[in-house]
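Student: here's a sequence, model it:
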Amino acid sequence: MVDKTILVVPGKTLSVPRPFKRTLQVIAAVVLTAAVALAIVVGNAFLVAKGGSLSGLDIWLAFIKRSDILATMALTAFVTTMFLYWQREQERK
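Tutor: Take a look at the predicted model:
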């Protein structure tokens, strides 16, 4: 039997397996990291480059499509999520 946990989404609470919830949390962290990188690169290009913010979007796309960047973002999100869950379990003991 799979251990269930509560996933809170706007307007609802769902009972889902723990691995599914953790996977969603890792994906959300990667997406947020990519969004922050996009804001930084586009903002920088808007202020500095002659091409404006569109050149920043091209730079971000080249950056985010690199497999080493995506792997680093996913690994960091995964390790952080697992560490937080491990730490929470240690506090309960």
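Student: who's in contact with the helix or strand hosting D58?
Tutor: Per DSSP states H and E, D58 falls inside helix 53-64. Applying Cβ atoms under 8 Å, 6 or more residues apart in numbering, the external contacts of helix 53-64 come out as 34, 37-38, 41-46, 49, 69-70. The way it works is simple: take the backbone N, C-alpha and C, and place the C-beta from them, glycine included.
Student: would you reformat the residues you listed as TSV and include neighbour count, secondary structure and pLDDT?
Tutor: Output for these, formatted as TSV (neighbours: other Cβ atoms under 10 Å; DSSP: H, G, I helix; E, B strand; the rest coil; pLDDT from 0 to 100):
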residue	neighbour count	secondary structure	pLDDT
A34	16	helix	93
A37	15	helix	92
L38	17	helix	92
V41	21	helix	88
V42	19	helix	86
G43	12	helix	86
N44	14	helix	85
A45	20	helix	82
F46	14	helix	80
A49	14	coil	63
I69	15	helix	93
L70	14	helix	93
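Student: what would the residues you listed look like in CSV with distance to F78?
Tutor: Below are those laid out as CSV (distance: Cβ to Cβ, whole Å):
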residue, distance to F78
A34, 15
A37, 18
L38, 21
V41, 24
V42, 27
G43, 28
N44, 28
A45, 30
F46, 32
A49, 34
I69, 15
L70, 12
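Student: which of those residues sits closest to S15?
Tutor: Proximity of these to S15, judged by Cβ to Cβ, is greatest for A34, which lies at 29.2 Å.
Student: thought M73 was touching the closest one, still the case?
Tutor: Yes. Between A34 and M73 there is a contact at 6.9 Å, judged by Cβ atoms under 8 Å.
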